[in-house]
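1. mind folding the following:
(one chain, ligands or ions: 1)
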Amino acid sequence: ALLARHPRRTEALLPLLLDAQQALGCVPQSLHGGIADHLGLTLAQVRAAIAFYHFLSAEPLGDYCLRLSDSVTDRLGGGEAIRDGLLARLGAQQGVTRSDGRVSVHMTSCIGLADQGPAALVNGQPLTRLTLARARRLADLVERGVPLADWPRGWFSVAQPVRLAGPLLSGRPRRGEALRRAMRQGRDAALHEIRLAGLRGCGGAGFSTGLKWRLAKEAVGAARYVTCNADEGEPGTFKDRLLLARRPDLVFEGMSVAGYVIGAKRGLLYLRGEYAYLMPHLRATLRRRHAEGLLGNRVLGTDFSFDIDIQLGAGAYVCGEETALLESLEGRRGIPRLRPPYPVSAGYLGGPTVNNNVETLAWAAHILARGAAGFRARGTAQSPGGKLLSIAGDVAAPGVYEFDFGITVREVLMACGAADTQAVQVGGPSGVLISAADFDRRIAFEDLSTGGAFTVFDASRDLVDIARQFTHFFAFESCGLCTPCRVGTQLLARAADQLADGRAGGADLRRIEETGRLMRQTSHCGLGQTAANPLLDLLSRFRPLCESRLRGDGFAPDAVDGRRPCGREAR
Ligand code: SF4
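-> Now for the predicted structure:
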């Protein structure tokens with residue numbers, strides 16, 4: 001019955017595996033052959049996919065599968081003590097299903113709740129603002145076998161805090177307004193409006209959205225696609241979660257407009273597995289859009305037909321890279337492709353594909369509804385419009401803020417109530433760690449470019465340990481395809497441990513810099529190219545701090561190999 005629910009196509013692999021995981025608590029070995037036959041894959045392909053995605057397992061994960069978010073902000077809030085308390089109370093070992101099959105406890109990368117951590121997922125449902133006391137109660141509920149439906153409802157409440165609203169978050173265009181206006185104008189004029197606005201990709205790279213749409217429109221191909229990257233995995237960012245929860249129509253509308261402009265019939269929204277709890281809400285939005293003639297055959301009575309599917313990811317940060325995302329959508333491991341060809345000419349199933357971030361698509365719909373002039377008038381010449389920031393860490397009011405591009409870091413810090421700030425991680429671990437000397441720099445593509453994470457650390461925080469955690473994150477999430485990243489991230493993680501533990505010497509700092517440079521130049525995708533950023537930024541902006549942590553003359557090497565657990569289990 002499970003197999004019959006899924007079409008006999010390779011692209012059905014991940015949905016089928018997730019379906020099995022949810023229904024059976026794992027994807028048992030006994031099913032692998034049947035899945036391979038059903039989809040026309042080899043057994044090795046099925047097993048490789050199960051091994052690749054963190055949220056899939058061939059072994060049972062227990063009646064309650066707890067995944068504790070292990071991001072820097074969770075740790076700032078006491079996440080490690082909560083993990084230790086839970087494991088002790090449950091008599092469980094991290095990453096191992098308890099022998100009675102009741103429960104397993106895992107550590108996972110940031111789950112997109114940095115504004116309300118420490119956080120966790122239990123059987124995919126989000127738990128926010130965990131405390132030691134709550135963890136103890138949670139363990140008791142698990143021991144008594146209480147169904148999740150009977151757990152305190154407040155534990156599962158996810159706030160969507162808009163701390164500062166600009167045109168995007170405060171404007172409420174009518175459903176279909178952008179699409180109607182685009183269709184009244186025609187494809188070329190709608191594309192011209194996006195180009196006139198100067199909209200750039202909000203995932204961080206800042207590629208011109210209008211140019212991307214034009215390239216996909218003009219590329220040769222029988223079928224075209226629009227994919228929405230909702231795999232918001234950069235630790236510290238959560239603004240796409242908020243947009244999907246509060247403005248899903250705007251995101252879907254952006255996809256429809258992109259589909260209309262490039263001549264696509266199909267859109268796919270790739271939703272990170274950590275946000276599976278948003279699925280019912282998103283599906284209800286799609287149903288409503290269908291009912292109103294905004295999706296499906298002959299949209300608004302015209303000859304334009306367009307539909308949108310949602311596919312869940314399964315816990316792999318690298319799938320946020322656009323070609324890895326396409327691989328995942330096509331039913332393979334999320335391993336980044338070689339480029340060229342670029343997705344605009346050969347993307348999903350080989351067709352010309354526009355792949356845009358959630359926020360980019362929301363802005364595109366906003367621009368089509370309100371016109372390009374208002375957008376262009378804000379921001380800077382090279383970075384028009386506004387940007388959503390996910391602000392977390394040592395601030396009085398964590399949440400999502402909408403600013404015009406060009407705002408300084410100092411102004412952002414004032415707006416969110418930060419005090420005694422030592423450093424800010426702008427753009428997450430793959431972005432840049434800045435010190436007070438940089439606080440007059442601007443959030444803009446031409447200065448500090450960011451996908452949206454803005455994590456603040458006050459003077460009490462140990463930046464060496466924070467860089468260590470980020471470095472372990474990359475080592476954990478590397479897909480292992482290319483040697484510079486696979487080996488380099490492990491070397492850096494070990495070096496970061498040595499530095500944090502006072503076991504590093506001056507030569508180790510030079511080795512970090514050499515390894516980081518090599519990874520930047522030779523890694524296949526952005527993960528490897530940026531994995532050294534936390535340590536390199538620490539060394540360049542906080543050199544005296546690093547030197548103060550070097551081992552003294554009396555240091556004697558011991559038998560420890562330098563490796564400390566990074567908090568998560570290895571793949
Ligand atoms: Fe995979 Fe890292 Fe190479 Fe990217 S850089 S392809 S994540 S091994």
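
2. so, low pLDDT: which residues of the protein?
-> Segments of the chain classed as low confidence (criterion: pLDDT under 70) are 553-571.

3. residue numbers of it in contact with the ligand?
-> Applying the criterion C-beta under 6 Å from any ligand atom, the portion of the chain that neighbours the ligand consists of 318, 336, 478-482, 485-486, 523-525, 527-528. Using the backbone N, CA and C atoms, a C-beta is placed for each residue, glycine as well.

4. would you list the phi and psi of the closest residue to T209 other than its chain neighbours?
-> Nearest residue to T209, sequence neighbours excluded (C-beta to C-beta, 6 or more residues apart in numbering): L199, at 4.3 Å. Geometry field for L199 lists phi and psi as phi -60, psi 140, criterion degrees, to the nearest 10.

5. from V354, how far off is L199?
-> In this structure, L199 and V354 are separated by 13 Å, where distance is defined by C-beta to C-beta, to the nearest Å.

6. and those two? which has more neighbours close in?
-> V354 (30 against 26; other C-beta atoms under 10 Å).

7. for that one, helix, strand, or coil?
-> The three-state assignment at V354 reads strand, by DSSP: H, G, I helix; E, B strand; the rest coil.

8. wait, isn't it in contact with A258?
-> Yes: the pair V354 and A258 passes the contact test of C-beta atoms under 8 Å, sitting 5.1 Å apart.

9. pull up the overlap in contacts between the two.
-> Contact with both V354 and A258 is made by residues W213, V226, A264, according to C-beta atoms under 8 Å, 6 or more residues apart in numbering.

10. residues contacting the first one?
-> Under the criterion of C-beta under 8 Å, 6+ apart, the contact list for W213 reads L191, I194, A258, V261, I262, V354.

11. could you dump the helix or strand hosting the third one to PDB, C-alpha only?
-> Taking DSSP states H and E as the criterion, A258 maps to helix 248-262. What follows is helix 248-262, C-alpha atoms only, in PDB (Å, rounded to 0.1, in the frame of the first residue of the first chain):
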ATOM      1  CA  PRO A 248       2.400  31.900   2.000                       C
ATOM      2  CA  ASP A 249       0.100  33.500  -0.700                       C
ATOM      3  CA  LEU A 250       2.900  36.000  -1.500                       C
ATOM      4  CA  VAL A 251       5.400  33.200  -2.000                       C
ATOM      5  CA  PHE A 252       3.100  31.100  -4.100                       C
ATOM      6  CA  GLU A 253       2.100  34.200  -6.100                       C
ATOM      7  CA  GLY A 254       5.800  34.900  -6.800                       C
ATOM      8  CA  MET A 255       6.100  31.400  -8.100                       C
ATOM      9  CA  SER A 256       3.100  31.800 -10.300                       C
ATOM     10  CA  VAL A 257       4.300  35.100 -11.700                       C
ATOM     11  CA  ALA A 258       7.700  33.500 -12.400                       C
ATOM     12  CA  GLY A 259       6.000  30.600 -14.100                       C
ATOM     13  CA  TYR A 260       3.900  33.000 -16.200                       C
ATOM     14  CA  VAL A 261       6.900  35.000 -17.300                       C
ATOM     15  CA  ILE A 262       9.100  32.100 -18.300                       C
END
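
12. next SSE after it?
-> Using DSSP H and E, the helix or strand that follows helix 248-262 towards the C-terminus is strand 266-271.

13. now the element after that next one, going C-ward?
-> In the C-terminal direction, the helix or strand that comes right after strand 266-271 (DSSP H and E) is helix 279-291.

14. so what touches that next one?
-> Here helix 279-291 makes contact (C-beta under 8 Å, 6+ apart) with 175-176, 244-245, 248-249, 252, 269, 271, 295-296, 308, 310, 312.

15. what residues does the residue of the stretch 351-500 of the chain found nearest the ligand make contact with?
-> In the stretch 351-500 of the chain, the residue that lies nearest the ligand is C485 (3.0 Å; C-beta to the nearest ligand atom). Residues counted as contacts of C485 (C-beta under 8 Å, 6+ apart) are S478, C479, M519, S523, H524, C525, L527, G528, A531.

16. excluding sequence neighbours, find me the nearest residue to it.
-> Here the nearest residue to C485 in space, its sequence neighbours aside, is G528; by C-beta to C-beta, 6+ apart that works out to 2.9 Å.

17. what residues sit buried inside the helix or strand harbouring the one you found?
-> Using DSSP H and E, G528 falls within helix 526-530. By neighbour count, and taking 16 or more other C-beta atoms under 10 Å as the criterion, the buried residues in helix 526-530 are G526, L527, G528, Q529, T530.

18. list the helices and strands it packs on?
-> The elements that helix 526-530 packs onto, with contact taken as 3 or more C-beta pairs under 8 Å, 6 or more residues apart in numbering; DSSP states H and E, are helix 483-500, helix 506-522.

19. other SSEs contacting the last one?
-> Contacts of helix 506-522 with other secondary structure elements, assessed using 3+ C-beta pairs under 8 Å, 6+ apart, are made with helix 483-500, helix 526-530, helix 533-541, helix 543-548.

20. ok, and what's touching it?
-> The list of residues contacting helix 506-522 from outside it, by C-beta under 8 Å, 6+ apart, reads 482, 484-485, 488-489, 491-492, 495, 498-499, 528-533, 535-536, 539, 546-547, 550.

21. for the stretch 301-450 of the chain, just list every one of the helices.
-> Under the criterion DSSP state H, counting those that start in this stretch, helices of the stretch 301-450 of the chain are mapped to 322-329, 358-370, 372-376, 409-415.

22. how about the last one: buried residues?
-> Along helix 409-415, these residues count as buried under the neighbour rule (16+ other C-beta under 10 Å): V409, R410, V412, L413, A415.

23. returning to that earlier point: can I get the helices and strands packed on helix 506-522 in CSV with distance to F207?
-> As requested, the helices and strands packed on helix 506-522 are exported to CSV (distance: least, C-beta to C-beta, whole Å):
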stretch, distance to F207
helix 483-500, 22
helix 526-530, 13
helix 533-541, 20
helix 543-548, 34
